[in-house]
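> What would the 3D arrangement of this be:
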Amino acid sequence: MLARATLAAFCLALAACSGDVAEIEADQETQSGPRKVQTLAVETELLADPVKAFGTIAAKQSSSIGALAEGPVERIFVKVGDRVSRGQPLFRIRQADYQRRVAEAQAAVDLANAQAIEAERRYERVIALAPKGFVSKAQVDAVETELAVARAQKTQALAALGTAQQALSDTITRAPYDGVVTARFVDEGVYLNNRFSMGGQSAALQLQELGTVAAIVNAPQEYVDVFRRNMPARVYIEGFDEPLDSIVYIINDRVDPESRMVELRLPIANPNYRISSGLAARAEIDVPTVQAIIVPRTAILGDSSAAHVFVVADGKAQRQEVTFESLDLDRIRIRTGLEPGDELVLDPGASLRDGELVEPRQTGDLN
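Numbers count the residues shown, from 1 in each chain. Next comes the predicted model:
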């Protein structure tokens, strides 16, 4: 009996202590009250900042130059970095075989020409005797056929000669346009195959037209309906102190489904070839002003991939996921997650919790 009484007394004492602790915590919470936070009423404002897009400089044209006539490379006339003009020789395939084919074709033409002359003379003799009845109708038909065959063979031989001469001419590959040699794939002696790319090396040089280059850049998809051809733009190129003027020349109709970006092409005049292909580029495109939600950067918590803010709703801090883009060091533009009229918590701090009671003070009112 004594043990039971002692146990009951201990339990009552423990319960009393627990109640005291709860009351103390409640009193402390009551004394501290809701957290005081500085807030800002979310509004839209006109934004005239240019759209930023990032990409790479590309040549107007870029060609891997192969041989029109196959064979071993006999000589390469240019080197990487050379500027070439349209029609200028770039390299030569060994010509000996093609020269021999031209000689053979020329001999065939000479033979066909002699046979045609002989056929014409025989025809003229037979036709002259026909009215006198010295030759038969069959003989006349025979010489007519012989002459027609000789003339056809002469035409065929001339065509074969033309083909052989063209093949010989094609042993020298020439620049298809004014440009710069940007790569060399082979040395002398390498066999170039102009029929099947998988059967051997098919290209000898890379040529790029750099008189005009293009900045190929990617911009956010939300501007797809804003972009128009001929919009003014400025292109900043790595290694250049000043931006270069350009315009939006091409708007790709396809939006990349993974990056959610739209491709733009901005031409840049490059008469002295100062700008090389492959350089990093940043474009600023002037677009019409739009209504946008712009807030201080200090209101954002987390990084760009998982950013959030706190808004005040019913006296409590409510966590809100957002997406944004930077405008400058102090301001960001909210893309999604906030609406005009929301009460945004400024400088929420890492300790603020979702659902926590807060006492908002509009900017300028917090003492």
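> other SSEs contacting the one helix or strand residue 311 maps to?
Assessed by DSSP states H and E, residue 311 sits inside strand 308-313. Packed against strand 308-313 by the contact rule (3 or more Cβ pairs under 8 Å, 6 or more residues apart in numbering; DSSP states H and E) you find strand 35-41, strand 316-321, strand 343-346. Quick note: C-beta positions are derived from backbone N, CA and C, even for glycine.
> ranking those strands by burial, who's on top?
strand 343-346 (a mean of 21; mean count of other Cβ atoms under 10 Å).
> Give the other helices and strands that that one contacts.
Counting by 3+ Cβ pairs under 8 Å, 6+ apart, strand 343-346 packs on strand 35-41, strand 308-313, strand 358-362.
> I'd like the mean pLDDT over it, please.
For strand 343-346, mean pLDDT is 94.
> Pipe the helices and strands packed on strand 343-346 into JSON lines and attach mean pLDDT and distance to residue 74 per row.
Below are those laid out as JSON lines (pLDDT from 0 to 100; distance: least, Cβ to Cβ, whole Å):
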{"stretch": "strand 35-41", "mean pLDDT": "91", "distance to residue 74": "76"}
{"stretch": "strand 308-313", "mean pLDDT": "93", "distance to residue 74": "68"}
{"stretch": "strand 358-362", "mean pLDDT": "86", "distance to residue 74": "83"}
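> so residue 258, which of the three states?
Secondary structure, DSSP: H, G, I helix; E, B strand; the rest coil: residue 258 is coil.
> Select the longest strand from this protein.
strand 203-220 (DSSP state E).
> Quick check: what element follows that strand along the chain?
Next element after strand 203-220 (DSSP H and E): strand 232-237.
> Alpha carbons of the helix or strand following that following strand, in PDB - could you do that?
Tracing the chain C-terminally past strand 232-237 and defining elements by DSSP H and E, one meets strand 244-247 next. Presented in PDB, the C-alpha positions along strand 244-247 are these (Å, rounded to 0.1, in the frame of the first residue of the first chain):
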ATOM      1  CA  LEU A 244      28.500  45.700 -82.300                       C
ATOM      2  CA  ASP A 245      25.200  46.800 -83.800                       C
ATOM      3  CA  SER A 246      22.900  44.300 -85.400                       C
ATOM      4  CA  ILE A 247      19.300  43.300 -86.000                       C
END
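> Quick check: mean pLDDT of strand 244-247?
Strand 244-247 comes out at a mean pLDDT of 96.
> Kindly report the same for stretch 285-295.
Here the average pLDDT along stretch 285-295 is 89.
> swap in stretch 46-58?
90.
> centre of the chain versus it, how much separation?
15 Å (Cα atoms, centre = their mean, to the nearest Å).
> Go through that stretch and flag the buried ones.
Neighbour-count burial for stretch 46-58, counted by 16 or more other Cβ atoms under 10 Å, picks out 49, 51, 52, 53, 55, 57, 58.
> For residue 257, give its distance to residue 305.
According to Cβ to Cβ, to the nearest Å, residue 257 and residue 305 sit 18 Å apart.
> With residue 231 instead?
30 Å.
> Those two: which has the busier surroundings?
Neighbours per residue, other Cβ atoms under 10 Å: of residue 231 and residue 305, the larger number sits with residue 231, 20 against 6.
> Nearest residue to the more buried one in space, ignoring adjacent ones along the chain?
Nearest residue to residue 231, sequence neighbours excluded (Cβ to Cβ, 6 or more residues apart in numbering): residue 248, at 4.4 Å.
> contacting residues around the one you found?
Contact analysis of residue 248 by Cβ atoms under 8 Å, 6 or more residues apart in numbering lists 227, 228, 229, 230, 231, 233, 264, 265, 266, 285.
> ok, the fourth one - how many residues close by?
Spelled out, that is residue 230. 8.
> State the pLDDT value of it.
The model's pLDDT for residue 230 equals 94.
> I figured it hits residue 250, correct?
No. Using Cβ atoms under 8 Å, residue 230 is not in contact with residue 250; the gap is 11.1 Å.
> Give me the secondary structure label for the nearest residue to residue 222 once chain neighbours are set aside.
Using Cβ to Cβ, 6+ apart and skipping the chain neighbours, the partner closest in space to residue 222 is residue 335 (7.1 Å). With three-state DSSP as the basis, residue 335 sits in strand.
> Quick check: residue 335 vs residue 317, distance?
In terms of Cβ to Cβ, residue 335 sits 22 Å off from residue 317.
> now swap in residue 128 and tell me
119 Å.
> Check residue 153 too.
98 Å.
> now do residue 189
Residue 189 is 76 Å from residue 317, by Cβ to Cβ.
> do the same with residue 36
12 Å.
> Residue 103 too?
94 Å.
> got it, and residue 271?
Looking at residue 271 against residue 317, where the rule is Cβ to Cβ, the gap reads 60 Å.
> quick one: contacts for the residue nearest the centre of the chain?
The centre of the chain sits closest to residue 216, judged by Cα atoms, centre = their mean, with a distance of 5.5 Å. For residue 216, the contact set (Cβ under 8 Å, 6+ apart) comprises 55, 56, 57, 58, 263, 264, 265.
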